[in-house]
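> Sequence and predicted model, in that order:
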Amino acid sequence: MVANTTYENVLSSYQSVFMDKYPIPEGLEFQWFLDANAEYALEIKDLEFDEELMEYPTQLPQKVVLTLASIMKSKYSEREFSRVNKLNNIIGKDISLNGMGDSKRFAERELEIKRSQIADLINKQKTTAYD
């Protein structure tokens, strides 16, 4: 018998795509996971995640796990872009710094790339009119 896909399976896939020097709160990762499920449900279908058992009722194909993990990564990238913007736009009473450096551009580019990859993954999973 094949085991059902769990939250930990998706989390492992998400955590495998990047390295962060600061620990990410578990509650935040779980919220990104819930958001990823909601986005997947809006685009393709509801996966019926059971929050009590922390698993899906079936084993999900790896392409679905990858899509959920990618959506979670985009949530991380959105947060990182916001953080970089706040660091680069410091305006105080006596000082005004507006860093238009590479960090801002790189964070935005990473977010754009991740969003494009997600759109591609979702598009490839949608049922065509020929099916």
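Sure, I can see it.
> who's in contact with the spatially most central residue of the chain?
Taking Cα atoms, centre = their mean as the criterion, residue 72 is the residue nearest the geometric centre of the chain, at 1.7 Å. Counting by Cβ atoms under 8 Å, 6 or more residues apart in numbering, residue 72 makes contact with 10, 14, 29, 32-33, 35-36. C-betas here are computed from N, CA, C, even on glycine.
> Which of those residues fall in helices?
10, 14, 29, 32-33, 35-36 (DSSP state H).
> pLDDT (mean, whole number) over the longest helix anywhere in the chain?
Criterion DSSP H: the longest helix present in the chain is helix 62-88. Helix 62-88 shows a mean pLDDT of 86.
> Buried ones in it, by neighbour count?
64-77, 80-81, 84 (16 or more other Cβ atoms under 10 Å).
> Next: stretch 45-52.
47, 49.
> what's in contact with that stretch?
Residues contacting stretch 45-52 (Cβ under 8 Å, 6+ apart): 7, 34, 37, 40-41, 55-57, 60, 64.
> What average pLDDT does it get?
So the average pLDDT for stretch 45-52 ends up being 96.
> Convert the C-alpha atoms of that stretch to PDB, please.
Provided in PDB are the C-alpha atoms of stretch 45-52 (Å, rounded to 0.1, in the frame of the first residue of the first chain):
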ATOM      1  CA  LYS A  45      -8.600  21.400  -8.200                       C
ATOM      2  CA  ASP A  46      -9.000  21.100  -4.400                       C
ATOM      3  CA  LEU A  47      -6.600  18.600  -3.000                       C
ATOM      4  CA  GLU A  48      -8.600  18.200   0.200                       C
ATOM      5  CA  PHE A  49      -5.800  18.500   2.800                       C
ATOM      6  CA  ASP A  50      -6.700  17.200   6.200                       C
ATOM      7  CA  GLU A  51      -5.300  19.700   8.800                       C
ATOM      8  CA  GLU A  52      -5.900  17.300  11.700                       C
END
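> Fine, thanks again, bye for now.
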